[in-house]
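Q: okay, sequence plus prediction incoming.
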Amino acid sequence: MKGPAIGDNTVSDMEEDQETREHVSEFVIYLKVEPYLAQWLHSHYGDPVVFPKNSTENDIIELGLVTKKKAENEKETPDLPEEGKIAISLPYYKFTEVRSRFHLLKKSKESLLFCIKARFALELWTELFKFRNRNEMKQEIIWVWMEKHGIDMTESNWNVIAKIYRRKMDVYRKDRWRKKQKTPPK
């Protein structure tokens, strides 16, 4: 008997997606992100974005949720849909009532964005690390990666992603060099 083809949704994938969608309320927050990041998020987590249950992103959201009154006291502007902002669904939390707490303060938004960028960079590095010694292929590999992850094939997106990859590669090479320097004598 043949198994599912690549790209086919298995029953467990569909059940997991259904479970993820069930823990989400009808409330959303809006977060300003770069275009490449918005496209990657929509490709991975849908529109509005629904982070997996028990994810770090959801933990940050829960920690930073405040009431409308608290947001106004902090002189925060309300979350409204705008160009360049993505909608993120608020999950139901055990100890936080999202019907009354659906505003994120500035620092919470910064933390959430940092977490999203870190997840993006980790996925990029994990998938492209095996090509680290093939500089002549780097340009094409990044285009393929962008296409795979639903990111528009534009020069500006490529430049940003190539820069992120280059920074990761520089850190990796410096770390490797340091480890070689510190090898104990035999």
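A: Ah, there it is.

Q: any weak-confidence spans in this protein?
A: By pLDDT under 70, the low-scoring segments of the chain are 1-25, 67-78, 93-102, 132-137, 182-186.

Q: could you identify the longest helix within it?
A: Ranked by number of residues, the top helix in the chain under DSSP state H is helix 155-181.

Q: against which helices or strands is that helix packed?
A: helix 35-45, helix 106-128, helix 138-148 (3 or more Cβ pairs under 8 Å, 6 or more residues apart in numbering; DSSP states H and E). Just so you know, the C-beta spots here come from the backbone N, C-alpha and C atoms, and that holds for glycine as well.

Q: could you redo the last one with a cut-off of 6 Å?
A: helix 106-128, helix 138-148 (3 or more Cβ pairs under 6 Å, 6 or more residues apart in numbering; DSSP states H and E).

Q: using CSV, write out every CA atom in the first one.
A: So the one you mean is helix 106-128. This file holds the C-alpha atoms of helix 106-128, laid out as CSV (Å, rounded to 0.1, in the frame of the first residue of the first chain):
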residue,chain,number,x,y,z
LYS,A,106,5.1,48.6,23.0
LYS,A,107,7.8,46.5,24.9
SER,A,108,5.6,43.4,24.5
LYS,A,109,5.4,44.0,20.7
GLU,A,110,9.1,44.5,20.5
SER,A,111,9.7,41.2,22.3
LEU,A,112,7.2,39.4,20.1
LEU,A,113,8.9,40.8,17.0
PHE,A,114,12.3,39.7,18.3
CYS,A,115,11.0,36.2,18.9
ILE,A,116,9.5,36.0,15.4
LYS,A,117,12.7,37.2,13.8
ALA,A,118,14.7,34.7,15.8
ARG,A,119,12.5,31.9,14.6
PHE,A,120,12.8,33.1,11.0
ALA,A,121,16.6,33.3,11.2
LEU,A,122,16.8,29.8,12.9
GLU,A,123,14.7,28.2,10.1
LEU,A,124,16.8,30.0,7.4
TRP,A,125,20.0,28.8,9.0
THR,A,126,18.8,25.3,9.7
GLU,A,127,17.8,24.8,6.1
LEU,A,128,20.7,26.6,4.4
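
Q: by how many degrees do the longest helix of the chain and helix 106-128 diverge?
A: With axes from the mean of the first three to the mean of the last three Cα atoms, to 10 degrees as the basis, helix 155-181 and helix 106-128 are set at 80 degrees to each other.
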